[in-house]
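**Student:** generate a structure from the sequence data that follows.
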Amino acid sequence: MSPLCSLLLAVALAAVPGVRGNCPEPASLKRADGTRTCAKLYEKSDPYYDRCCGGAELSVEPGTDLPYLPSGWNNAISSLVVAPRCELTVWSSRGKAGKTHKFSSGTYPRLEEYRRGIFGDWSNSISSLYCRCY
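**Tutor:** Model prediction:
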C-alpha cells in the first residue's frame, strides 16, 4: 500500500463518527457524585470498533496502585480509556514485573494495536497497574 493510500485511509477513519465505538470520551470519566475517575478498563474488544469497550468494566480511581489485579481481571483487559490529565502505567506480570507501558489520556479501544515487545501486544496482557492524575 502506498504512503498516500495509508494517509487517506487514516484521515477517512478519523473523520468517521463512532470510530471509537462504545468507548466513552476521556472527559466523561466521572463517578455519579462528580468525582474524578482515572481510567476505565474493559474485558472486551473486537475487530469492529463499534463493539469495543464492552463486557465487564473496572473503574480505577486516581492514585490506584494494583500490583495484583482483582480476581478475574488478570490478563483480561482488552480496551481502556484514560481520563484527561491522567496516566495509566501497566505491567505484563503480577507484582509490577515484566514489560511496562504508559497510556496517557485517551481512548484505546483495541489493545491489540499496541505492541508489547517484538511479538506480543497489550490485549489480555495486563497483570498490574498504577493510575495517577496530575
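
**Student:** so what pairs up with the most centrally placed residue in the chain in the strands?
**Tutor:** Residue closest to the average C-alpha location in the chain (C-alpha atoms, centre = their mean): Leu80, at 2.4 Å. In this entry, Leu80 is beta-bridged to Leu41, Tyr108, by DSSP bridges.

**Student:** show me what contacts it?
**Tutor:** Taking C-beta atoms under 8 Å, 6 or more residues apart in numbering as the criterion, Leu80 is in contact with Ala39, Lys40, Leu41, Tyr42, Leu88, Phe103, Tyr108, Leu111. From N, CA and C alone the C-beta is placed, and that goes for glycine too.

**Student:** look up how far Thr35 lies from Gly54.
**Tutor:** For Gly54, the distance to Thr35 (C-beta to C-beta, to the nearest Å) stands at 25 Å.

**Student:** ugh, typo on my part, it should be Thr107
**Tutor:** 21 Å.

**Student:** quick one: which of those two has more around it?
**Tutor:** Set Thr107 next to Thr35 and count neighbours by other C-beta atoms under 10 Å: Thr107 wins out with 20 against 9.
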